[in-house]
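Engineer: how would this look folded up:
(4 chains)
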Number of protein chains: 2
Amino acid sequence: MPVTIKDVARLAGVSPATVSLVLSNKGQVSEETRRRVLEAAQKLGYRPNVLARNLVKGKTNTVLLCAFIRDDRKLSTFYGELINSLLTAISTSGYYLQMVVKGEFFNGHPLDKREALLDIARNRLFEGLILLSHWPVQYAEVSDLVREEFPFVVVNQRVEGEGVSYVDIDHYGGAKMAMEYLIAQGHTRIAHFRGPQGHRHAEERYRAYLDTLVEHGIPIRKEYILEGDFRRLSGRRAMEELLAVRPLPTAVFCANDKMAIGALQVAKERGIRVHEDLTIFGFDGIEAVKYTDPPIPTVEQPLGELGKVAAEILVGQIQGGERKKVVLCCNLLVWDGSSVGVMRGRDNGKGG
Amino acid sequence: MPVTIKDVARLAGVSPATVSLVLSNKGQVSEETRRRVLEAAQKLGYRPNVLARNLVKGKTNTVLLCAFIRDDRKLSTFYGELINSLLTAISTSGYYLQMVVKGEFFNGHPLDKREALLDIARNRLFEGLILLSHWPVQYAEVSDLVREEFPFVVVNQRVEGEGVSYVDIDHYGGAKMAMEYLIAQGHTRIAHFRGPQGHRHAEERYRAYLDTLVEHGIPIRKEYILEGDFRRLSGRRAMEELLAVRPLPTAVFCANDKMAIGALQVAKERGIRVHEDLTIFGFDGIEAVKYTDPPIPTVEQPLGELGKVAAEILVGQIQGGERKKVVLCCNLLVWDGSSVGVMRGRDNGKGG
DNA sequence: CTTTTGAACTAAAACGTTTTAAAAGATTCG
DNA sequence: CGAATCTTTTAAAACGTTTTAGTTCAAAAG
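Structural biologist: Reported below is the predicted structural model:
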């Protein structure tokens, strides 16, 4: 028995239509009537049923953040800041954010991503979709959304093709900055701890490692390239292996911070003066690298920016704007003595 | 011109009611009719309009996470894991999660929290509410929700009084565990770096510090108690101040990890053998304390558990269950050589 | 005095479902 | 064959708004 617009109308002695007019400040209503309506609404504690309103208006002012991540990965670990900025930016634009996480499986069998997305687009509950995926997104998976002209933006992955927006981070460029920095510091014997095989971001960072060496005429030594899986322990293992190689490199560029932390631990355990004798460089910009001893220089991913830009693109699209493809550059975080140096990368602007 | 149930009905040569019956597997429908309906729905790519369904059913299967946090604080920093587990638990129960962040102000003037909450309860958009607040929650602010019998649960704060559920963490108990541990290790000269004045969690940790000393007959020295504000730099400052005190304490219990990190940095800069000569203890269990050198022992807040229990309570309440007040205990994370030791606190069960 | 204008208000349709109550049709029973 | 029962189907109401297309009434204009 919640109080409806009819109750208000009855108490105020007017029609429901008039109440609606008053409460939404539309049409012409006499001062007297307006007063009576507001008074009645106040007295009854009336709040409009947003569901009914949404149904008739055909809009909900809500967008969905749909995260496709592996079940063992936590959304928060890496994407906390992303969610944070997304939430801020989305709500600043007057929209609400709903979240859902989907794994690789649903009810036992592989999730039909395409079907799931189509459901989202057609159920009329959301006006837009932010698609966050741990693995690459295929055009075929989102082509339905494109055809339906449903506003959506892919975050953290690139999807080439007509009609799709994305915001991604320039891992290649970030890794290149790191490598250029190391070389500028005089390093020529630079090792690399790779991320998991087949992981697009890991591959890009690896490619930048190779390319930068080649561009500078530095020979690539296979024994300086070690496998890892983004986890700290694999960084430890790789460092143990690396320390048997001669000549020792003077720098290690790790594909992510976690591995860099593992590498740092082993190096210190072996009595190596990290930074003086061996520079360890990370990638990601997680908080922990600021507090290791010494702090680990790293490539910072602009996750806040990522969320902000994604929100802007999505809202723009909902309001009739056009599709955009954006690639954000990373910043270098290097510790110069006790202070932090931030080197901003140059935006290589919008793609496609 | 989205396809509606009427379109399906027309194509299948039946009434909309029949289509509804088929699609929701209710009532008795002949095999032949069912087949025709499903075929028609399939062919037209029909997806029900969830808005309309929600309106008639009067439910949305959606709960709202409403975070009242200061504008300068990021939701992610601390609550990433909480959100993660909340999301998992909520969706496992078949509900959706929507999020909104509210600061202290709205449109320039102080936000009327009570009004905001009432809006949420009455707009019929949500079936439940998770209330996360950085500052204490007053009973008066939620009394409307209680009166309306709207399912909600307060997270990370305690609200005494009839009809309100909460899940909170036992900061006092956690701090007590830490202190007992230090004393059991033989420490008697234990300093404390306090958190911000007036911060309930900081006060509880401080109180536990005092109480434990008293219980063990250890005199309280004012010069061992230093002010801080939960930030790393205040930990640095406090440690600098502390190092001038004689006799030096053999342990410092910091009100949070960030300050402990700052304290650790200063101690190492001054050549103190941390852990051997001075044990530094933190509180929170942020990731970074695992990777400092040496790692900082700390009191781990069960944030994942917090979210899980909150979700359980809320869902229980939505489905007619009763209100609950739960206080979760912390675990001790201590580094014994190279391995991590986890000491589980004893749950002091359910309150009020 | 009739017509026009404009302000104030409202009846009813619409949004797309679900559900209720009843109708229609098929089958069984006496 | 008619009544009773059971199965299948449906018309219409309901959910609570907003919006459309008027209507009513008073004042202004001719």
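Engineer: please count neighbours and contacts with C-alpha atoms only from this point.
Structural biologist: Noted.
Engineer: for the residue nearest the centre of chain A, give its distance to DNA strand C.
Structural biologist: Geometric centre of chain A, nearest residue: A:Leu82, 4.8 Å, by CA atoms, centre = their mean. Separation of A:Leu82 from DNA strand C (CA to the nearest atom of the strand, to the nearest Å): 34 Å.
Engineer: name the helices or strands packed onto the helix or strand that residue falls within?
Structural biologist: For A:Leu82, the element it lies in under DSSP states H and E is helix A:75-92. Contacting helix A:75-92 under the criterion 3 or more CA pairs under 8 Å, 6 or more residues apart in numbering or on different chains; DSSP states H and E are the following elements: strand A:96-102, helix A:303-318, helix B:75-92, strand B:96-102.
Engineer: okay, it in PDB with CA atoms only?
Structural biologist: Only the C-alpha atoms of helix A:75-92 are listed here, as PDB (Å, rounded to 0.1, in the frame of the first residue of the first chain):
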ATOM      1  CA  LEU A  75      37.900  -7.400  -9.800                       C
ATOM      2  CA  SER A  76      39.200  -5.200  -7.000                       C
ATOM      3  CA  THR A  77      42.800  -6.100  -7.200                       C
ATOM      4  CA  PHE A  78      43.500  -4.300 -10.300                       C
ATOM      5  CA  TYR A  79      40.400  -2.500 -11.200                       C
ATOM      6  CA  GLY A  80      39.500  -0.800  -8.000                       C
ATOM      7  CA  GLU A  81      40.700   2.600  -9.200                       C
ATOM      8  CA  LEU A  82      39.000   2.000 -12.500                       C
ATOM      9  CA  ILE A  83      35.700   1.400 -10.800                       C
ATOM     10  CA  ASN A  84      36.200   4.300  -8.700                       C
ATOM     11  CA  SER A  85      36.700   6.800 -11.500                       C
ATOM     12  CA  LEU A  86      34.000   5.100 -13.500                       C
ATOM     13  CA  LEU A  87      31.600   5.600 -10.700                       C
ATOM     14  CA  THR A  88      32.500   9.200 -10.200                       C
ATOM     15  CA  ALA A  89      32.400  10.100 -13.800                       C
ATOM     16  CA  ILE A  90      29.200   8.200 -14.500                       C
ATOM     17  CA  SER A  91      27.300   9.700 -11.600                       C
ATOM     18  CA  THR A  92      28.600  13.200 -12.400                       C
END
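Engineer: could you find the closest non-adjacent residue to A:Gln157?
Structural biologist: Among residues not flanking A:Gln157 along the chain, A:Asp168 sits closest, at 5.6 Å (CA to CA, 6 or more residues apart in numbering or on different chains).
Engineer: A:Tyr46 too?
Structural biologist: Counting by CA to CA, 6+ apart, the residue nearest A:Tyr46 is A:Val3, at 5.9 Å.
Engineer: next, the one you found: phi, psi?
Structural biologist: Here the main-chain torsion angles of A:Val3 (degrees, to the nearest 10) amount to phi -80, psi 130.
Engineer: dump the residue contacts of it.
Structural biologist: A:44-47 (CA atoms under 8 Å, 6 or more residues apart in numbering or on different chains).
Engineer: might one say that the residue nearest to the centre of chain A is in contact with A:Leu303?
Structural biologist: Yes. A:Leu82 is within contact range of A:Leu303, at 5.1 Å (criterion: CA atoms under 8 Å).
Engineer: which SSE is A:Arg158 in?
Structural biologist: A:Arg158 is part of no helix or strand when elements are defined by DSSP H and E.
Engineer: that one: how many residues sit nearby?
Structural biologist: Around A:Arg158 there are 20 other residues, counting by other CA atoms under 10 Å in any protein chain shown.
Engineer: can you get me a residue count around A:Thr33?
Structural biologist: Using other CA under 10 Å, A:Thr33 has 16 neighbouring residues.
Engineer: oops, could you answer that again for A:Val56 instead?
Structural biologist: Neighbours around A:Val56, by other CA under 10 Å: 11.
Engineer: name the SS class of it, please.
Structural biologist: Under DSSP: H, G, I helix; E, B strand; the rest coil, the three-state class of A:Val56 is helix.
Engineer: likewise A:Leu132?
Structural biologist: Secondary structure state of A:Leu132, per three-state DSSP, is strand.
Engineer: circling back: could you single out the most deeply buried of the helices and strands packed on helix A:75-92?
Structural biologist: Stretch with highest mean neighbour count among the helices and strands packed on helix A:75-92: helix A:303-318 (a mean of 23; mean count of other CA atoms under 10 Å in any protein chain shown).
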